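**Student:** coordinates only, sequence not included:
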DNA sequence: ATCCGTCCATGCCGTCACGGCATGACCGCG
DNA sequence: CGCGGTCATGCCGTGACGGCATGGACGGAT
């Protein structure tokens, strides 16, 4: 039954052409080896080695085994190695969902880091809505989600990935951008038209932004913007409204718009969310790479 | 250590997606199967199956094993089958040596039968001198020899293959062929010039032919002929001598020569000689095919 | 909500394959 | 002819493996 071990034993003897030396190589006693080879011969019904007391020669069948045997052992080893590669997360696949607004910087950086640190892991990344991400991770159809203001759900495990400093996007001619203004006080948002995603989309995020204003005593007039980010710049560009985004939104801003950090600083937490149990090694590996990446980029320093 | 069995077990469970059914299929109890799969997982350090009480699903590593595992099992099986093919003599190689005079009929028939009955056995046949054949078989450098009048040597095993009726080749105008003669009495050879191979070449053969003459009271004058058969016909064709050959020598006789059987009949034994021990299955197989062939052709009937 | 059936895991035990040690048998060499 | 080297065999202890009985968890039906 334990055929591969016996095959290994036989190959050792056949190569050494000597039971005693082969036994030493295999770290077993010579009688044990002698019996195992005999047993293999009995099972196969063939004489594999023609032995005289002072010479051991493979028979024809033995020579065939010598030719094809090593390939079989190698195939077996390769299979075990492959499986083990899943175990330490060198191999695998992970599905990642992230919101559009996270796609500007965090998600690409994470994917880049993964391709460098864990090239064996296939990360299938898709832009999804916040609710689909949360539900997907909870249901197990999605491995990892990248979201702002993750909901405190029991079965979800959160990995803080980034503290994203928030700022205001205004037209270059907007009063808030007048002079040499390098920041915006949330109190100054009072009474302004503020573009935000619908609260249903991500209640935590909505509430946090409103809270920032409320803490400063500001009561902006909220306008709901669509999920498509860029298209919402129009009212901002015209000066009719302002919006609050993380600093990752400042890159690639259309001409005529400026991003001014809130002062005092306010940050939004970006998390990786996973299910708490049954995480595959590949998922664990992604989390590890993500934390490393966050450290390298200073994503966790509040001033970001 | 007994990895292949465990792989088989795992594959059964993974395919059935159910331990109980897989256990039945494998003819072992469910707890044993459960533990073996767990043990496999422990050895590999990976969870292969994600089990809930009512569902069994392969993990990513498990799926890899499901894809590549069967090929490994098949490779192993194929190897065992191949080796077993040597065991029953379906596969192998045999070296065969035969004398020139046996090449006219017996050896080709045997090779033909082998190619039909045991196509997996490669028979490398060579024309060799009698002594080389006998020495080669005894020394183990040759597997099988096909010879007339095999010497009774201890370590050689003889397989009677053919009783070859002997006859006389004479020129058409020779006195022995006068009238409507259809046979030759050995007594009539008295005083004639008789072409034979040198006694050293095959003493048994020489002695037997001389014995046939002596039994009949004839004392021919022996001329030594070379090993090359055809070239020796010249003195026969000229009527200066006669020679004794088996009936296989009658086919392809040059015009002007006739073969007349000895009467009373005399036969020479043609044997396959092999070493008595350490015969490979392929050799055994050849012996079996040879005996069958002899039976089919009636080679063992004295008048044959 | 509770009960029941299904299914996987665990505990316990008997058997046998495997390996070690001591020893025997055989052969070549000096 | 004895000696050393080599493979085979006898005997025994250990551990892997399989069976049986049982526990525990989940889903479905009533």
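**Tutor:** Perfect, thanks for sending it. This one's a predicted model, so the numbers in the text were calculated from it and none came from an experiment.

**Student:** residues contacting residue A:50?
**Tutor:** A:56-59, B:278 (CB atoms under 8 Å, 6 or more residues apart in numbering or on different chains). (Glycine included, C-beta is placed from N, CA and C.)

**Student:** quick one: strands adjacent to whatever helix or strand it lives in?
**Tutor:** Per DSSP states H and E, residue A:50 falls inside strand A:49-52. Next to strand A:49-52 in the sheet, as set by DSSP bridges, lie strand A:55-58 (antiparallel).

**Student:** pull the residues that contact the partner strand.
**Tutor:** A:13-14, A:17-19, A:48-51, A:65-66.

**Student:** which of those residues are buried, as a PyMOL select command?
**Tutor:** Selection of buried members from those for PyMOL, criterion 16 or more other CB atoms under 10 Å in any protein chain shown:
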select buried, chain A and resi 13+14+18+19+48+49+65
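
**Student:** which strand runs longest in chain A?
**Tutor:** Longest strand of chain A, by residue count under DSSP state E: strand A:156-171.

**Student:** give me the contact list for the following helix or strand past it.
**Tutor:** Once strand A:156-171 ends, the next helix or strand along the chain (criterion: DSSP H and E) is strand A:193-197. The contact list for strand A:193-197 (CB under 8 Å, 6+ apart) reads A:205-206, A:209-210, A:213, A:220-225, A:227, A:232, A:235-236, A:240-244.

**Student:** identify the residues contacting stretch A:18-28?
**Tutor:** Applying CB under 8 Å, 6+ apart, the contact partners of stretch A:18-28 are A:8-9, A:12-13, A:15-16, A:29-30, A:32-34, A:37, A:56.

**Student:** near DNA strand C, from these?
**Tutor:** Among these, the ones lying near DNA strand C by CB under 7 Å from any atom of the strand are A:29, A:32.

**Student:** for the helix or strand where residue A:62 lies, packing partners?
**Tutor:** Assigned by DSSP H and E, residue A:62 belongs to helix A:60-87. Packed against helix A:60-87 by the contact rule (3 or more CB pairs under 8 Å, 6 or more residues apart in numbering or on different chains; DSSP states H and E) you find helix A:3-16, helix A:281-297, helix B:3-16, helix B:30-44, helix B:60-87.

**Student:** in it, what counts as buried?
**Tutor:** Per 16+ other CB under 10 Å, helix A:60-87 contains these buried residues: A:60-62, A:64-65, A:69, A:72, A:76, A:79, A:82-87.

**Student:** also stretch A:117-132?
**Tutor:** So, applying 16+ other CB under 10 Å, buried residues of stretch A:117-132: A:118, A:121, A:123, A:125, A:128, A:130, A:132.

**Student:** for stretch A:17-30, same thing?
**Tutor:** So stretch A:17-30, judged by 16+ other CB under 10 Å, has buried residues A:18-19, A:22-23, A:26.

**Student:** below-threshold pLDDT in the stretch 51-200 of chain A: ranges please.
**Tutor:** In the predicted model of the stretch 51-200 of chain A, residues A:102-103 satisfy pLDDT under 70.

**Student:** residue of it with the smallest distance to DNA strand C?
**Tutor:** Residue nearest to DNA strand C within the stretch 51-200 of chain A: residue A:53 (3.8 Å; CB to the nearest atom of the strand).

**Student:** give me the neighbour count for that residue.
**Tutor:** Counted with other CB atoms under 10 Å in any protein chain shown, the neighbours of residue A:53 add up to 5.

**Student:** how about the one 4 residues further on?
**Tutor:** Applying the criterion other CB under 10 Å, we find 12 residues in the vicinity of residue A:57.

**Student:** can I get the contacts of strand A:55-58 in JSON lines with distance to residue A:186?
**Tutor:** Formatted as JSON lines, these follow (distance: CB to CB, whole Å):
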{"residue": "A:13", "distance to residue A:186": "81"}
{"residue": "A:14", "distance to residue A:186": "81"}
{"residue": "A:17", "distance to residue A:186": "85"}
{"residue": "A:18", "distance to residue A:186": "85"}
{"residue": "A:19", "distance to residue A:186": "85"}
{"residue": "A:48", "distance to residue A:186": "84"}
{"residue": "A:49", "distance to residue A:186": "86"}
{"residue": "A:50", "distance to residue A:186": "92"}
{"residue": "A:51", "distance to residue A:186": "91"}
{"residue": "A:65", "distance to residue A:186": "79"}
{"residue": "A:66", "distance to residue A:186": "79"}
